[in-house]
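[1] I would like the atomic coordinates for the input below:
(one chain, ligands or ions: 2)
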Amino acid sequence: MKKKINIDALEVGMYMEADVREATKGKAATPDSAKNVLLLGSGVLITSETQIRRLKEAGLNDVTIDTSKGKDSDAGVAVQQPVAVPQERRKKSLPGGRKVEYKEELKKARATKEVVKNQLKEALGDIAIGGSMDRKKLDAGAKLITTSVLNNVDAMVGLTRLKEHDPYTANHCINVTIITLAVALADGIDEETAQILATATLLHDIGKTKVPLEVLNKPGRFEPHELNEMRKHTTYGRDVLYDMPGVTEEMMLIATQHHEMLNGKGYPNNLMGDEIHRFGQMTAIADVYDALTSARVYKPAMPPHFALGRIYQNKNIEFNGDLVDLFVKTLGLYPVGSLVQLDTNEVGVVAEPNPDNFRQPKVGCFITRYKKFRQFPYLVDLANDPQENRKIVKVLNPSKYKIDVDKMIKMCTG
Ligand SMILES: [Fe+2]
Ligand SMILES: [Fe+2]
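    Ligands and ions are numbered 1, 2, ... in the order given. As a prediction, this is how the structure comes out:
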């Protein structure tokens, strides 16, 4: 009989089923150059404690033993023989509202974001020097993003954790567009309106093209007069758009209202509650979230889980309560990139969300339960962990760990 047991129950005399490999470590090693070293071959009788120690050090949690060929164990459960599934049933069902599988869309979404970012940088640069906007290009970019979000919202939303500081904050504008779109779709807008909203949100900070570059690109904190100038980007936005052909009402609203707050403490017009258009309210949440999770010279990036908490605390104060709920539902309790500790003391990065259960994302672990650091993370699917049923117990601050979160995510998602 084949049995799956915890590594702690493995003893000399047991017969292990699968082969076990560990990626080589070393300064020059990269995910591509990593070679696998065979720790134990397939179908091996455990003959020494050293073999068991090496397996534990490799971060292995469970092993399968064959009790017909070696010693039995009181621990563990019998492994069910796989039952043949008809071809048509093999295709994994996708979570609600997702048309394409996460990993599949992620690859396309990365390329899409890059293309749209370069187009937007160019368009905003042209406007800054008094040129006109290439409306066709903008619409095409908005369409690419909308299509990707409609295919699999989690893939594009996951990419918003990639930050980059460019002169007219094109990357920020795309991140805000993705999150606003995701919230709006959860709010029930149709695909046609989504496209209009995406085009408008891409331009939400268009007024920054009229802010003097020495203020816009100041690395440190703003002096009061500089802050005042910076805040004028909302009215500058309205002025820039006013003169442009083909401008929609949504563009004007979002450019002007995305810094207004529900309690009237926003700018430029101290609008309150419903005086702010629902699209303006959505953009305000997305804008603050992207700003909080971005690093600046004078402040480190706030980890996504904590930024989410900050926005939640301001539910019905600064932000529309219903929209905050949709926003949290969209990003999940532990957004991609969150550093988490499991109840086994393993530490990892949330690499893939689970829209069916926010508490059970896929986590790329790089610290094992034996406190051993792994250069190459191993993926733990919390929704599919029947042996251990591991849980997230704590969210950690990545600044205390010398890891490249984005690299970890890429290693886990391919
Ligand atoms: Fe803004
Ligand atoms: Fe913004």
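[2] could I have stretch 160-174 exported to PDB, CA atoms only?
    Only the C-alpha atoms of stretch 160-174 are listed here, as PDB (Å, rounded to 0.1, in the frame of the first residue of the first chain):
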ATOM      1  CA  THR A 160      -0.200  46.400 -10.400                       C
ATOM      2  CA  ARG A 161       2.400  45.600  -7.700                       C
ATOM      3  CA  LEU A 162       5.100  46.300 -10.300                       C
ATOM      4  CA  LYS A 163       6.100  49.900  -9.700                       C
ATOM      5  CA  GLU A 164       8.100  52.200 -11.800                       C
ATOM      6  CA  HIS A 165       8.700  56.000 -11.600                       C
ATOM      7  CA  ASP A 166       8.500  57.700 -14.900                       C
ATOM      8  CA  PRO A 167       8.100  61.500 -15.600                       C
ATOM      9  CA  TYR A 168       4.400  61.500 -16.200                       C
ATOM     10  CA  THR A 169       3.600  58.500 -14.000                       C
ATOM     11  CA  ALA A 170       2.400  56.300 -17.000                       C
ATOM     12  CA  ASN A 171       2.900  53.100 -15.000                       C
ATOM     13  CA  HIS A 172       0.900  54.600 -12.100                       C
ATOM     14  CA  CYS A 173      -1.900  55.600 -14.500                       C
ATOM     15  CA  ILE A 174      -2.100  52.000 -15.800                       C
END
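[3] Can you give the distance of stretch 332-343 from its chain's centre?
    In terms of Cα atoms, centre = their mean, to the nearest Å, the centre of stretch 332-343 is set 10 Å apart from its chain centre.
[4] what about that stretch, average pLDDT?
    Averaging pLDDT along stretch 332-343 gives 93.
[5] swap in stretch 181-200?
    95.
[6] mind starting the numbering at 20 from now?
    Understood, numbering begins at 20; the last thing we discussed is stretch 200-219.
[7] hmm, it touching ligand 2?
    No: judged by Cβ under 5 Å from the ion, stretch 200-219 and ligand 2 are separated, with a smallest distance of 12.7 Å. Every C-beta, even on glycine, is put in place using the N, C-alpha and C of the backbone.
[8] now that stretch, how far from the chain's geometric center?
    Counting by Cα atoms, centre = their mean, stretch 200-219 comes out at 20 Å from the chain centroid.
[9] what residue lies at the spatial centre of the protein?
    Closest residue to the average C-alpha location of the chain: Gly177 at 2.7 Å, with Cα atoms, centre = their mean.
[10] Work out for me the element that one sits within.
    In this assignment (DSSP states H and E), Gly177 forms part of helix 172-178.
[11] for the record, mean pLDDT for that helix?
    Helix 172-178 comes out with an average pLDDT of 92.
[12] From the contact counts, what lies against the helix or strand just after that helix?
    Downstream of helix 172-178, the first helix or strand assigned by DSSP H and E is helix 189-205. Judged by 3 or more Cβ pairs under 8 Å, 6 or more residues apart in numbering; DSSP states H and E, the packing partners of helix 189-205 are helix 121-147, helix 154-170, helix 172-178, helix 210-221, helix 297-311, helix 340-350.
[13] still on that earlier bit, what about the residue nearest to the residue nearest to the centre of the chain when sequence neighbours are not counted, distance to Arg297?
    In space, and not counting its chain neighbours, Gly177 is closest to Val355: 3.9 Å by Cβ to Cβ, 6 or more residues apart in numbering. As defined by Cβ to Cβ, to the nearest Å, Val355 lies at a distance of 26 Å from Arg297.
[14] ok, those two, which is more surrounded?
    Higher neighbour count among Val355 and Arg297: Val355, with 26 against 15, using other Cβ atoms under 10 Å.
[15] picking up where we left off before, the residue nearest to the centre of the chain touches Ser357, doesn't it?
    No: if you go by Cβ atoms under 8 Å, Gly177 and Ser357 don't touch, sitting 11.2 Å apart.
[16] can you give me the helices in the stretch 320-433 of the chain?
    With helices called from DSSP state H, counting those that start in this stretch, the stretch 320-433 of the chain shows them at 323-332, 340-350, 424-432.
[17] what's the angle from the shortest one to helix 121-147?
    The one in question is helix 424-432. Helix 424-432 and helix 121-147 are oriented at 140 degrees to each other (axes from the mean of the first three to the mean of the last three Cα atoms, to 10 degrees).
[18] buried residues in helix 424-432?
    Neighbour-count burial for helix 424-432 flags 424, 427-428, 430-432 (criterion: 16 or more other Cβ atoms under 10 Å).
[19] which helices and strands does that helix pack with?
    With contacts taken as 3+ Cβ pairs under 8 Å, 6+ apart, helix 424-432 sits against strand 366-371, strand 381-386, strand 392-400.
[20] And these: which comes nearest Gly95?
    Smallest distance to Gly95 across the helices and strands packed on helix 424-432 (Cβ to Cβ): 18.5 Å, for strand 392-400.
[21] Now do that closest one, average pLDDT.
    Throughout strand 392-400, pLDDT has a mean value of 90.
[22] just stretch 143-154 next, same as before
    Rounded to a whole number, the mean pLDDT of stretch 143-154 is 85.
[23] again, but for stretch 20-30
    pLDDT averaged over stretch 20-30 gives 84.
[24] Run a quick check on Asn373 versus Gln379, I expect a contact.
    Yes: counting by Cβ under 8 Å, Gln379 is a contact partner of Asn373 at 5.0 Å.
[25] Determine the residues that are contacts of both of these two.
    Common neighbours of Asn373 and Gln379, counting by Cβ atoms under 8 Å, 6 or more residues apart in numbering, are 401-402.
[26] ok, the nearest residue to Met427 once chain neighbours are set aside - contacts?
    What sits nearest to Met427 in space, not counting adjacent residues and going by Cβ to Cβ, 6+ apart, is Val368, at 4.6 Å. Neighbouring residues of Val368 by Cβ under 8 Å, 6+ apart: 356-359, 382-383, 385, 396, 422, 424, 427-428, 431.
[27] Next, count neighbours for the nearest residue to Asp206 once chain neighbours are set aside.
    Distances taken as Cβ to Cβ, 6+ apart put Leu345 closest to Asp206, at 5.7 Å, once the chain neighbours are dropped. Using other Cβ under 10 Å, Leu345 is surrounded by 20 other residues.
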